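Engineer: what's the 3D shape of this:
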Amino acid sequence: MTTPSQAADQFTSNTEVEHQPAWLAIQDALESLQKRLRIEPMEMLKLSTHFNCTVRTKLADCQSFGDEGFLQKSYLFILRSAFVSDFNQFKKSIADHPLLETIEATNRFLEIVGADGMPHSGDLHGIRVDEDVAASNLDFVDNMERAIEQLLAYIEKISSEADQLHDRLTQFKSGMKAQAACVG
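Structural biologist: Numbers count the residues shown, from 1 in each chain. As a prediction, the model looks like this:
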């Protein structure tokens with residue numbers, strides 16, 4: 001395992017660090033990743049907050065008590081089908097969010113410079129919607145509440161990973177500056 005100061009040694013020599021293309025490339029990459037790790041989690045949290053507020057209202061309308069007539073059952077079927085579609089669409093937007101790519105890029109960067117990364121441990125595939133949208137499914141609302149909570153917990157976990165990776169980049173950058181000061 002290479003420490004940040006050892007990585008700095010790989011990219012520095014007896015000349016000024018600021019004049020080294022490798023150092024500038026590392027600095028640019030660090031700054032870009034740090035910026036993305038601050039902005040993208042906020043964007044994802046903004047999406048999830050909006051979704052959470054909207055979806056809770058819609059989910060309350062999907063409640064079935066088992067004694068609905070034909071028209072009410074038809075209406076519940078339509079509402080629940082739309083709800084499942086909205087949920088799946090939001091889940092896909094989270095899976096495709098740039099933050100996940102930024103986390104991967106940050107881990108690759110840290111690996112290249114010999115610092116510890118942080119493996120991404122989230123899994124969206126385990127979050128399942130209740131596909132039984134019939135009015136006779138009295139557990140639909142509870143099942144969907146669980147799926148919503150799992151999705152929101154996943155988003156919080158991803159945001160926390162981004163914060164931790166940002167901190168690791170900051171520590172690495174501090175080590176590089178300290179090493180550069182010693183060399184200079």
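
Engineer: packing partners of the helix or strand containing residue 42?
Structural biologist: Element membership for residue 42 (DSSP states H and E) is helix 21-60. Helix 21-60 sits against helix 4-11, helix 70-95, helix 98-112, helix 140-183, with contacts defined as 3 or more C-beta pairs under 8 Å, 6 or more residues apart in numbering; DSSP states H and E. For every residue, glycine as well, the C-beta is placed using N, CA and C.

Engineer: quick one: which of these is nearest residue 33?
Structural biologist: Closest to residue 33 of the helices and strands packed on helix 21-60, according to C-beta to C-beta: helix 98-112, at 5.0 Å.

Engineer: and that closest one, which residues are buried?
Structural biologist: Residues of helix 98-112 classed as buried: 99-100, 102-103, 105-107, 109-110 (neighbour count, 16 or more other C-beta atoms under 10 Å).

Engineer: contacts for that helix next, please.
Structural biologist: Applying C-beta atoms under 8 Å, 6 or more residues apart in numbering, the external contacts of helix 98-112 come out as 29-30, 33, 36-37, 40-41, 43-44, 116-120, 158-159, 161-162, 165, 168-169, 172.

Engineer: hang on, the earlier thing: which stretch in the helices and strands packed on helix 21-60 has the least confidence?
Structural biologist: Mean pLDDT is lowest for helix 4-11 among the helices and strands packed on helix 21-60, at a mean of 41.

Engineer: burial count for residue 147?
Structural biologist: 17 (other C-beta atoms under 10 Å).

Engineer: what distance do you get for the residue nearest to the spatial centre of the chain to residue 39?
Structural biologist: In the chain, the residue lying closest to the centroid (C-alpha atoms, centre = their mean) is residue 158, at 3.6 Å. The spacing between residue 158 and residue 39, counted by C-beta to C-beta, to the nearest Å, is 14 Å.

Engineer: no further questions, thank you.
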